[in-house]
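Visitor: Need a 3D model of the sequence below.
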Amino acid sequence: MTRLHAGIVGVWLAAVPPASLPAQQVAESNLPTIARVHYEGGGDWYANPSSLPNLLDEIAERSAIRTANRPVEVRLTDPDLPDYPYLYLTGHGNISLSDREVEALRRHLRGGGFLHADDNYGLDSSFRREIARVFPDESLTDVPLDHPVYRIRYSFPDGLPKIHEHDGLPAQGLGIFLDGRLAVFYSYQSDLGDGWEDVTVHRDPPEVREQAIRMGVNLFLYALSAGPSR
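Guide: Modelled structure (predicted):
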């Protein structure tokens, strides 16, 4: 799969199958998708199983992008890691990365990759510890409210929406910027993935689910538009 850039209009045009080819002939593996990170240590990396398929369906319906039907599972040490513009990491509890995973993630993100870490209640302390191993000289900071991730498709003038209660703290969109580019987005105290799950799982009100989905669409479109060409 080609990593796309040059703005959202370019993303939409490049992601639609060529008119000369029947859609059924376009290989599923060539379509943009979301890569769920299968990390080696601790934590349920597979949490919220219906979340990413539902989000991909919504992206396909709400944009001109033809997406894959399913997310993929990827390990940070897999050689095809650079093929995926949107890495998604979640789970509960004490996740940990091996030294090889830390090195591979650092290389991927410095090379133009994008990671969305989604606080699934219990992830916070271990994620902050592990991302500090990846970038010991960088800090998680508030993503400015005028950043494209909050307005590339849907407007979020107040920043990251609050989906689930957690500790009752306000939702925060935190990030790590590399050479001015948002390379890591950490959705803290929000739980976007729960909002993407099947409605019967958490029974969130429609307006809450809608906010979660809209933010997910923005994140996906940003990841495709901000990555380097390959």
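Visitor: those strands in this protein, which residues are they?
Guide: Ranges of strands in the chain, per DSSP state E, are 35-37, 72-74, 87-89, 115-118, 141-142, 172-178, 181-188.
Visitor: And the lengthiest helix in the chain, what does it pack against?
Guide: Assignment by DSSP state H gives helix 206-226 as the longest helix of the chain. Using 3 or more C-beta pairs under 8 Å, 6 or more residues apart in numbering; DSSP states H and E as the contact test, the elements touching helix 206-226 are helix 7-15, helix 51-62, strand 181-188, helix 192-196. (C-beta placed from N, C-alpha, C; glycine too.)
Visitor: Now for residue 53: which residues touch it?
Guide: Taking C-beta atoms under 8 Å, 6 or more residues apart in numbering, we find residue 53 in contact with 69-71.
Visitor: and which of these is nearest residue 46?
Guide: residue 71 (10.8 Å; C-beta to C-beta).
Visitor: Tell me how far the closest residue to residue 111 other than its chain neighbours lies from residue 225.
Guide: Excluding the flanking residues, the one nearest residue 111 by C-beta to C-beta, 6 or more residues apart in numbering is residue 82, at 6.8 Å. Residue 82 sits 17 Å away from residue 225, going by C-beta to C-beta, to the nearest Å.
Visitor: Tell me which of the two has more neighbours.
Guide: residue 225 (21 against 17; other C-beta atoms under 10 Å).
Visitor: so where's this structure uncertain?
Guide: 1-29, 227-230 (pLDDT under 70).
Visitor: Tell me which residue is most central in it.
Guide: Centroid check for the chain by C-alpha atoms, centre = their mean gives residue 116 as the closest residue, at 3.8 Å.
Visitor: Make sure that one is actually in contact with residue 109.
Guide: No. Here residue 116 does not reach residue 109: they are 11.7 Å apart, not a contact under C-beta atoms under 8 Å.
Visitor: gap between residue 183 and residue 54?
Guide: Taking C-beta to C-beta, one finds residue 183 at 26 Å from residue 54.
Visitor: typed the wrong thing, it's residue 106
Guide: 31 Å.
Visitor: Please apply the same query to residue 142.
Guide: 28 Å.
Visitor: more neighbours, these two?
Guide: residue 54 (20 against 12).
Visitor: Contact partners for the closest residue to that one other than its chain neighbours?
Guide: Of all residues not flanking residue 54 in the chain, residue 196 sits nearest, at 5.1 Å (C-beta to C-beta, 6+ apart). Contacts of residue 196 were listed using C-beta under 8 Å, 6+ apart, and they are 48, 50-52, 54-55, 209, 212-213, 216.
Visitor: Check those and tell me the two furthest apart.
Guide: Applying C-beta to C-beta across these, the maximum distance is between 52 and 209, 14.7 Å.
Visitor: Neighbour count for these two, which is higher?
Guide: Taking other C-beta under 10 Å, residue 52 and residue 209 do not tie; residue 52 has more neighbours (23 against 20).
Visitor: close enough to count as contact, the more buried one and residue 36?
Guide: Yes. Between residue 52 and residue 36 there is a contact under C-beta under 8 Å: 6.2 Å.
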